[in-house]
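Student: here is a sequence with its predicted model. Questions after.
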Amino acid sequence: MIGSYGEVAFVTSSSTLRTFENLSRSYKARYSRHEVIGKKPVLEFIGPDTITIPLNIRLDITKCVNPTQEIQNLTSKMDLGTDEALVICNKYLGQFVIQNIDESDRFIDNRGVVRIANLTINLEEYADDRV
């Protein structure tokens with residue numbers, strides 16, 4: 001197993017392929033901008049921002065993955081705002097929520113069955129530091 005997002009396991013085997021490409025993380029800082037008349041604005045450091053991670057996933061029915069069910073499962077998590085543990089290579093990266101899902105290059109056969117779907121799932125760190 002390559003990793004997981006909650007109960008969604010990222011795996012590769014001779015029969016099953018549910019994985020992602022191009023793992024990247026985006027780190028940002030938060031600043032407040034104070035406008036000053038006749039001068040450049042003054043920035044005030046607020047703190048770190050949440051980490052964002054886009055995952056590019058190809059769902060292919062010939063690799064024992066049902067694209068329609070997978071998309072429904074992921075959109076359900078997104079619609080409910082469910083935060084899940086993200087683990088990659090046995091390393092816990094934190095709790096993340098699905099901010100949005102972009103679907104492209106959908107292939108539907110002559111019976112109306114989705115055979116292939118390419119997704120970009122944008123995850124955002126769920127920081128639960130209550131004030």
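Tutor: Everything's here; your move.

Student: helix, strand or coil for the most far-flung residue of the chain relative to its centre?
Tutor: Using Cα atoms, centre = their mean, the residue of the chain lying farthest from its centre is residue 38. It sits 42.8 Å away. Of the three states, residue 38 takes coil under DSSP: H, G, I helix; E, B strand; the rest coil.

Student: go on, residue 78?
Tutor: Of the three states, residue 78 takes helix under three-state DSSP.

Student: same deal with the one 4 residues further on?
Tutor: At residue 82, secondary structure determined by three-state DSSP is coil.

Student: and it, what are its phi and psi?
Tutor: Backbone torsions of residue 82, given as degrees, to the nearest 10, read phi -70, psi 130.

Student: neighbours of it, just the number please.
Tutor: Around residue 82 there are 14 other residues, counting by other Cβ atoms under 10 Å. C-beta coordinates here come from the backbone N, C-alpha and C atoms, glycine included.

Student: next one: residue 30
Tutor: Taking other Cβ under 10 Å as the criterion, the count of residues near residue 30 is 11.
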